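**Student:** Quick one, fold the following:
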Amino acid sequence: MLSPFRRLARTHALMTAGDVAMVVSLAGSLFFSISPDAARSKVLLYLLVSFAPFACVAPFIGPLIDRAPGGRRLIIQLTAVGRALLFITMIFHLDDLLLFPLSFGVMILQKTYGVSRSALIPTVVNSKTELVEANSKLGLISGAVGALAAAPAGALAAISPKLSLMFGVVMFGCAVVAASKLPRGKVAQSAQPAERMELRNASLRSAAIVMSTLRAVIGFLFFELLFWLRENSYSNLWIGAVIGASTVGLMIGNGLASPLRNRLREEMMLTAAIIMVAASGIGAGAFGGVGAAIVLAAVANAASGIGRMAFDSIVQRDAPDANQGRAFAKFETRFQLSWALAGVIPVLFTFPGRAAFLTVGLAGLLAVGFFVQSSRSRTSGRSTATVPTRRAARGGRPTVPARRSRPGSARPSGGREAR
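**Tutor:** Numbering: from 1, shown residues only. Predicted coordinates:
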């Protein structure tokens, strides 16, 4: 019998394969076929569209995830059904303007699933010490399944993009069945004042600012390198190398998160991640060149992976248990806005290579300084709000970690799983 975590992992793998099918079906139409100057307006439109789904997720979908009568399991199933139906509709509108609102709908459902999945993770592990490991494994599954699913989806897309979309429909259909075995997750009736205060505690706010910086760096670096390489007449091979290094770096970061958690607390993992960004940015600025750009892309994305695993675990550890959908939607909206706004800068004005790299390093240094100062303030007692005292005040369970065990292990009797 599969453990709850393995059931979630199987569902996540199927969802990822479905997402890859759409990316493969629609790839190549935006950036590489047009000149850099013509690309700028289209990329600006893409940045707007990429942020818009989060604007919908935060005020509406976050609370819905927490309060749906069927729980978070039902929301995951509905997002899979919705994406399958949108894919079927897209098959008949690949060449007309209706494709854009359909893609927008898919993005909204994709982000809704991401929020629901993150909020469900605490119900499929045995203790809070396992959160980073669980997040890390799901991140690795995303990368591995994405690479594996690209082969059949790409082969089908070479025949017809419609076949690749049908592949996605099948994957989402399988995900609906797999998700039926997931725990429902806790259903909240209303957000209590103490629970809302937990989302404003100093530790969570500081971690959110650091994570916003990491996402801003990734957004800035991605578009800066794409336009810088094209304006300097580098071939698409180098652009592919940067994208490949970014993907590999992210997978390495996801893989390193779990062993790092065995030695460091989540807050220290965030500190290490932002130090990696600062050091790699300054180093790339000192050396310059496309080689330094590739290394910087890999290290920055690895740091982003480590930071994201740590931050998700902080939210799962400290945010109100029954209102984590609201929490993840709120923070994910903030992070996506940071990514989009930072991406606008190099789209409007592309920096020289070394200047861009040093900008990344400087942003990392500022974030390190802020986070260290914030941590000292909390340690010295100037920030007295703590999550455990608030939870104790409203009768919640303590945040002291239980024994260490692996997410895939059998759950002890009397566990937290809500069916």
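
**Student:** What is the three-state secondary structure of K181?
**Tutor:** Local secondary structure at K181 is given as coil here, using DSSP: H, G, I helix; E, B strand; the rest coil.

**Student:** give me every residue that touches it.
**Tutor:** For K181, the contacting residues are 2, 7, by C-beta atoms under 8 Å, 6 or more residues apart in numbering. Any C-beta I mention is one placed from the backbone N, CA and C, and that applies to glycine too.

**Student:** separation between it and V169?
**Tutor:** Taking C-beta to C-beta, to the nearest Å as the measure, K181 falls 21 Å from V169.

**Student:** Kindly report the same for A84.
**Tutor:** Here A84 is placed at a distance of 5 Å from V169 (C-beta to C-beta).

**Student:** anything in contact with each of those two?
**Tutor:** Listed as contacting both A84 and V169 by C-beta under 8 Å, 6+ apart are G18.

**Student:** So which bits of the strand or helix carrying M22 are buried?
**Tutor:** Using DSSP states H and E, M22 sits within helix 4-26. Within helix 4-26, the residues that qualify as buried by neighbour count (16 or more other C-beta atoms under 10 Å) are 4-5, 7-22, 24-26.

**Student:** Can you tell me the element L109 falls in?
**Tutor:** L109 is part of helix 99-120 when elements are defined by DSSP H and E.

**Student:** And the very next helix or strand once past that helix, what does it pack against?
**Tutor:** Counting by DSSP H and E, the element after helix 99-120 in chain order, helix or strand, is helix 131-159. Here helix 131-159 is seen to pack against helix 4-26, helix 161-179, helix 236-261, helix 289-318 when contacts are counted using 3 or more C-beta pairs under 8 Å, 6 or more residues apart in numbering; DSSP states H and E.

**Student:** quick one, which of those helices is nearest to G114?
**Tutor:** Evaluated with C-beta to C-beta, these place helix 4-26 nearest to G114, the distance being 9.2 Å.

**Student:** got the angle between that closest one and helix 131-159?
**Tutor:** Going by axes from the mean of the first three to the mean of the last three C-alpha atoms, to 10 degrees, helix 4-26 is angled at 30 degrees with respect to helix 131-159.

**Student:** Can we start the residue count at 444 from this point?
**Tutor:** Let's use 444 as the start, then, which means that last one is helix 447-469.

**Student:** What mean pLDDT does helix 447-469 get?
**Tutor:** Summarised as a single mean, pLDDT over helix 447-469 is 90.

**Student:** and it with helix 604-622, angle?
**Tutor:** Direction vectors for helix 447-469 and helix 604-622, defined by the same axes, to 10 degrees, enclose an angle of 170 degrees.

**Student:** What angle do helix 542-563 and helix 447-469 make with each other?
**Tutor:** Inter-element angle recorded for helix 447-469 and helix 542-563: 160 degrees (by the same axes, to 10 degrees).

**Student:** starting at the chain centroid, how far to helix 447-469?
**Tutor:** 14 Å (C-alpha atoms, centre = their mean, to the nearest Å).

**Student:** Likewise for stretch 573-593?
**Tutor:** Averaging C-alpha coordinates over stretch 573-593 and over its chain gives two centres that are 11 Å apart (C-alpha atoms, centre = their mean).

**Student:** Give me the contacts around stretch 713-725.
**Tutor:** Taking contacts as C-beta under 8 Å, 6+ apart, the residues outside stretch 713-725 that touch it are 650, 653-654, 656-657, 660, 696, 703, 707, 738-739, 742-743, 745-747, 749-750, 753-754, 757, 800-808, 810-811, 814-815, 818.

**Student:** I misspoke; the intended subject was stretch 609-619.
**Tutor:** Outside stretch 609-619, the residues touching it (C-beta under 8 Å, 6+ apart) are 454, 457-458, 460-465, 468, 519-520, 523-524, 526-527, 530-531, 534, 592, 595-596, 599.

**Student:** ok, 7 Å please
**Tutor:** Outside of stretch 609-619, the residues within contact range by C-beta atoms under 7 Å, 6 or more residues apart in numbering are 454, 457-458, 460-461, 464-465, 520, 523-524, 526-527, 530-531, 595-596, 599.

**Student:** Not counting sequence-adjacent ones, nearest residue to F814?
**Tutor:** The shortest distance from F814 to any residue other than its chain neighbours is 5.1 Å, reached at V653 (C-beta to C-beta, 6 or more residues apart in numbering).

**Student:** does that neighbour really touch L809, like I thought?
**Tutor:** No: in this structure V653 lies outside contact range of L809 using C-beta atoms under 7 Å: 10.4 Å.

**Student:** and the two? which has more neighbours close in?
**Tutor:** Neighbours around V653 and L809, counted as other C-beta atoms under 10 Å, are more numerous at V653. The numbers are 23 against 13.

**Student:** For H536, give me phi and psi.
**Tutor:** Comment: the main-chain dihedrals of H536 come out as phi -140, psi 30, following degrees, to the nearest 10.

**Student:** if I pick it, what's in contact with it?
**Tutor:** Taking C-beta under 7 Å, 6+ apart as the contact definition, H536 lies against 542, 545.

**Student:** Any stretches of the stretch 694-843 of the chain with poor pLDDT?
**Tutor:** Under the criterion pLDDT under 70, the flagged ranges of the stretch 694-843 of the chain are 762-768, 821-843.

**Student:** Skipping its backbone neighbours, what lies nearest the residue nearest to the spatial centre of the chain in space?
**Tutor:** Central residue of the chain (C-alpha atoms, centre = their mean): R751, 6.8 Å from the mean position. Residue nearest to R751 in three dimensions, not counting chain neighbours: M654, with 7.0 Å by C-beta to C-beta, 6+ apart.

**Student:** What strand or helix carries the one you found?
**Tutor:** Using DSSP H and E, M654 sits in helix 645-674.

**Student:** one step back: can I get the helices and strands packed on helix 574-602 in a markdown table with distance to F794?
**Tutor:** A markdown table is the format used below for the helices and strands packed on helix 574-602 (distance: least, C-beta to C-beta, whole Å):
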| stretch | distance to F794 |
| --- | --- |
| helix 447-469 | 28 |
| helix 604-622 | 36 |
| helix 679-704 | 15 |
| helix 732-761 | 12 |
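
**Student:** right, so of the ones you listed, which gets closest to N578?
**Tutor:** For those, the distance to N578 is smallest for helix 732-761, at 4.6 Å, taking C-beta to C-beta.

**Student:** how far out from the middle of the chain is the closest one?
**Tutor:** Computed by C-alpha atoms, centre = their mean, the chain-centroid distance of helix 732-761 equals 11 Å.

**Student:** still on that earlier bit, indicate which one of the helices and strands packed on helix 574-602 is closest to M550.
**Tutor:** In this view, these are compared for proximity to M550 by C-beta to C-beta, and helix 447-469 is the closest at 9.7 Å.

**Student:** This completes my enquiry, with thanks.
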